[in-house]
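Participant: compute the structure for the input listed below.
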Amino acid sequence: MNIQEFLQVLKSKTGVEAKKSNNGYLTCCPAHEDRNPSFSLCQGSDGKILVNCFAGCTLEDICTSLSLHTSDMFNGSHKEFKETKKTVYAYRDEHGQELYRKIRIEPGANGKTKDFFCEREENGQLIKSLKGCRKVLYHFPEVLKAIVDHEPVFLVEGEKDADKLRQYGLTSTTSQESLKWQDDFTDTLRDADVVILYDMDKTGLERRDLLCRQLHGKVKRLRVVNLPGLEYQESHGKDINDWLANGNTIADLQEILSKTPEFQPLDEKKRIRVVTLADFLSMELPKREMILSPFLPSQGLCLLYAKRGVGKTHVAIGIAYAVAVGGRFLKWDAPKPRKVLYIDGEMPAAAMQERLKRISVSENLKLPAPDYIRLITPDLQDGPMPDLSTLEGRNILKELIGDSELIIIDNLSSLFRSGVENEAESWQPVQDWALEMRKNGKTIIFIHHAAKGGQQRGTSKKEDILDTVIVLKQPQGYRSEQGASFEVNFEKTRHFAGEDAAPFKVNLKEQLDGLWEWEISNSEEDNLELSAVAEATNDGLTIQQIMQRTGLTKSQVETRKKKAKEKGLIKD
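Facilitator: The predicted structure follows:
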């Protein structure tokens, strides 16, 4: 039997003319009551007829309904008939009585991975339409019980995901249509703790936004969980099923949920603003002033890092004090006093107090005005320090920042405790907060640890928004009895260069009277460059030749040549 003969047999049974569809035909199935065509067929390259019922009818059912033998179609071979997987999801009312069912067919028609249709029984008749039928949420009785028991209700996309979470003892639900939502569903969830889990694709994001619009302010609690590790795809994006299959656990999900804040819609004030070039150039923007010249401007973001024990807290406290009094520290000057908030995450209060006392005496600096240095330090708290990687922690800090112009975070590891340090994703809340502070006119110095290899610990994404990155390095041959001895190196300088960005060497010396004194000199590298330029000049080389010999730029050669003359290293 060829395909045209088979189409005639079908038409005589169903009374429906098959419609051409892609490389085959689509019509009603002869084996079940089919008002919406769900039967496809085509002819294979070898002339055999390939058929598929999306409602799940078997080959035998189809042949029996047409009074045919399978051999009439496939010469005794059943291999070309593609069996379908049929999954039934029953939607029940509050009493557990079935209202309707949603059918999932895999594979779907026309090359799709799956298809869905709904059906219900009424007066003993199977009706493939939900018109006039009451619609409810999936697992409706369990949802009602969870609300009474004050348990969270996980709102997912698709019955398969809902059933998966149900296996783990979680109350989960969905609606039969991804991008349609009824007010009745919102009413059902009015007293619920709702958790939205969305698919990572276009439809999934549209559904997430739809649910947030429909539920925000109308349910007891609303949270949207962003599952880490799922990458966006235009269609067929990954979901909670895939996330669990990747080795994650329900315990992981619960931990993420515990750190997920309640959903807040985007404030009108936070909407993206676009301006023309003409408008932008005509704006009167506040000029950036120097807080600590030359490296720290107003609204500046700086990272200072070093290995443990090198002296980064010494430097951070020195910077704080100089800015608060409008003084000098190392090679840096604060033009005028500014208010500083120093947030310490690990230093004992007694040690912090001792260092500040020594600075005020040793540097011959006046005490800052009473509120020009304010300190938050662990030993003075009744509980743990706030975790600034959480919205709750940042909100606590927001109330304390006030009119401080410089905020020093000492250090990232102890104050931003959640997330994985090596993951760029974990830095995102820190970055968002820093940019918000900058917008509000604040300057921030982050103190951070170096890794064993000497580079800053964790993701390099930190450097993207920073104006300045400073690293403190102990000199070669350093011994612990030397105390705080290090080189100051600038790894990133967004708005300054030349001598201002040159490295220098620092030694903290304790005098006989117990006072501290900072000794500052050119770094060993700088001294070597100075000697090389002096030697080349004495040999009669031109600036271009010295640049070729030393690898320095023209400005660097000229600057070092001037210094060498001042030191008498260059012969007249």
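Participant: find the centremost residue of this structure, please.
Facilitator: Nearest to the mean C-alpha position of the chain, by Cα atoms, centre = their mean, lies E425 at 3.9 Å.
Participant: so what strands line up beside the helix or strand hosting K20?
Facilitator: Applying DSSP states H and E as the criterion places K20 in strand 19-21. Strand 19-21 sits in its sheet next to strand 24-27 (antiparallel), going by DSSP bridges.
Participant: would you map out the domains in this protein?
Facilitator: 1-130, 135-258, 290-522, 527-566 (automatic domain parsing).
Participant: what average pLDDT does the strand holding K20 get?
Facilitator: Averaging pLDDT along strand 19-21 yields 83.
Participant: before we move on, what about stretch 539-552?
Facilitator: 88.
Participant: and it, how far out from the chain middle?
Facilitator: How far stretch 539-552 lies from its chain's middle: 49 Å, per Cα atoms, centre = their mean, to the nearest Å.
Participant: then that stretch to CSV, C-alphas only?
Facilitator: Listed in CSV are the C-alpha atoms of stretch 539-552, where the atom choice follows Å, rounded to 0.1, in the frame of the first residue of the first chain:
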residue,chain,number,x,y,z
ASP,A,539,78.2,56.9,28.0
GLY,A,540,76.9,59.6,25.7
LEU,A,541,73.7,57.9,24.6
THR,A,542,70.7,60.0,23.3
ILE,A,543,67.3,59.7,24.9
GLN,A,544,66.2,57.4,22.0
GLN,A,545,69.1,55.1,22.6
ILE,A,546,68.5,55.1,26.4
MET,A,547,64.9,54.2,25.7
GLN,A,548,66.1,51.2,23.6
ARG,A,549,68.6,50.1,26.2
THR,A,550,66.3,50.4,29.2
GLY,A,551,62.9,49.8,27.8
LEU,A,552,61.6,52.9,29.5
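Participant: tell me which residues of that stretch are tucked away?
Facilitator: Neighbour counts over stretch 539-552 (16 or more other Cβ atoms under 10 Å) mark 541, 546-547, 550, 552 as buried. In this view, the C-beta of every residue, glycine as well, is placed from N, C-alpha and C.
Participant: do stretch 398-407 as well
Facilitator: Going by 16+ other Cβ under 10 Å, stretch 398-407 has these buried residues: 401, 404-407.
Participant: distance-wise, check the residue nearest to E517 when sequence neighbours are not counted relative to Q176.
Facilitator: If the residues on either side of it in the chain are set aside, E517 comes closest to K509, at 4.8 Å by Cβ to Cβ, 6 or more residues apart in numbering. The gap separating K509 from Q176 is 77 Å, by Cβ to Cβ, to the nearest Å.
Participant: who's more crowded, the two?
Facilitator: Q176 (19 against 14; other Cβ atoms under 10 Å).
Participant: which residues does that one contact?
Facilitator: By Cβ atoms under 8 Å, 6 or more residues apart in numbering, Q176 lies in contact with 91, 102, 118, 130, 135, 138.
Participant: mind putting those in CSV, secondary structure included?
Facilitator: Formatted as CSV, these follow (DSSP: H, G, I helix; E, B strand; the rest coil):
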residue, secondary structure
Y91, strand
K102, strand
C118, strand
L130, coil
K135, coil
Y138, coil
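Participant: report the two of the residues you listed separated the most.
Facilitator: L130 and Y138 (13.7 Å; Cβ to Cβ).
Participant: out of the two, which sits in the busier spot?
Facilitator: The neighbour comparison of L130 against Y138 (other Cβ under 10 Å) goes to Y138, with 23 against 17.
Participant: touching, the more buried one and R101? I think so.
Facilitator: No: here Y138 lies out of contact with R101, judged by Cβ atoms under 8 Å, at a distance of 10.7 Å.
Participant: outside of stretch 493-502, which residues touch it?
Facilitator: Residues outside stretch 493-502 that contact it (Cβ under 8 Å, 6+ apart) are 294-295, 297, 466-468, 490, 522-523, 526, 555-556, 559.
Participant: picking that back up, and which of the contacts of Q176 is nearest to I240?
Facilitator: Y138 (14.4 Å).
Participant: residues contacting the closest one?
Facilitator: 89, 91, 159, 162, 173-176.
Participant: hmm, try it at 7 Å
Facilitator: Y138 makes contact with 89, 91, 159, 162, 173-174 under the criterion Cβ atoms under 7 Å, 6 or more residues apart in numbering.
Participant: low-confidence ranges, the stretch 451-572 of the chain, go.
Facilitator: For the stretch 451-572 of the chain, applying pLDDT under 70 flags the ranges 511-514, 523-526.
Participant: all the strands of it, in order from the start?
Facilitator: In the stretch 451-572 of the chain, the strands defined using DSSP state E, counting those that start in this stretch lie at 468-473, 485-493, 504-510, 516-522.
Participant: now the stretch 101-250 of the chain
Facilitator: Under DSSP E, counting those that start in this stretch, the stretch 101-250 of the chain gives strands at 115-122, 125-127, 152-155, 172-173, 193-197, 221-225.
Participant: the last one pairs with which strands?
Facilitator: So the one you mean is strand 221-225. Applying DSSP bridges to the sheet, strand 221-225 is found paired with strand 193-197 (parallel).
Participant: how about the strand it pairs with as CSV, C-alpha atoms only?
Facilitator: The C-alpha trace of strand 193-197 is given here as CSV (Å, rounded to 0.1, in the frame of the first residue of the first chain):
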residue,chain,number,x,y,z
ASP,A,193,4.8,32.2,50.8
VAL,A,194,5.5,31.9,47.0
VAL,A,195,8.9,31.0,45.5
ILE,A,196,9.2,31.4,41.8
LEU,A,197,11.6,29.1,39.9
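Participant: any idea of the mean pLDDT in it?
Facilitator: Rounded mean pLDDT across strand 193-197 is 97.
Participant: CA atoms only: put stretch 207-219 into PDB for me.
Facilitator: Only the C-alpha atoms of stretch 207-219 are listed here, as PDB (Å, rounded to 0.1, in the frame of the first residue of the first chain):
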ATOM      1  CA  ARG A 207       6.700  34.000  32.600                       C
ATOM      2  CA  ARG A 208       8.800  35.100  35.600                       C
ATOM      3  CA  ASP A 209       8.000  38.800  34.900                       C
ATOM      4  CA  LEU A 210       4.300  38.000  34.400                       C
ATOM      5  CA  LEU A 211       4.100  36.200  37.700                       C
ATOM      6  CA  CYS A 212       6.000  39.000  39.500                       C
ATOM      7  CA  ARG A 213       3.500  41.600  38.200                       C
ATOM      8  CA  GLN A 214       0.500  39.500  39.100                       C
ATOM      9  CA  LEU A 215       1.700  38.400  42.600                       C
ATOM     10  CA  HIS A 216       3.700  41.300  44.000                       C
ATOM     11  CA  GLY A 217       1.800  43.000  46.800                       C
ATOM     12  CA  LYS A 218      -1.000  40.400  46.600                       C
ATOM     13  CA  VAL A 219       0.600  37.400  48.300                       C
END
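Participant: now do the buried residues in it.
Facilitator: Across stretch 207-219, burial judged by 16+ other Cβ under 10 Å covers 207-208, 211-212, 215, 219.
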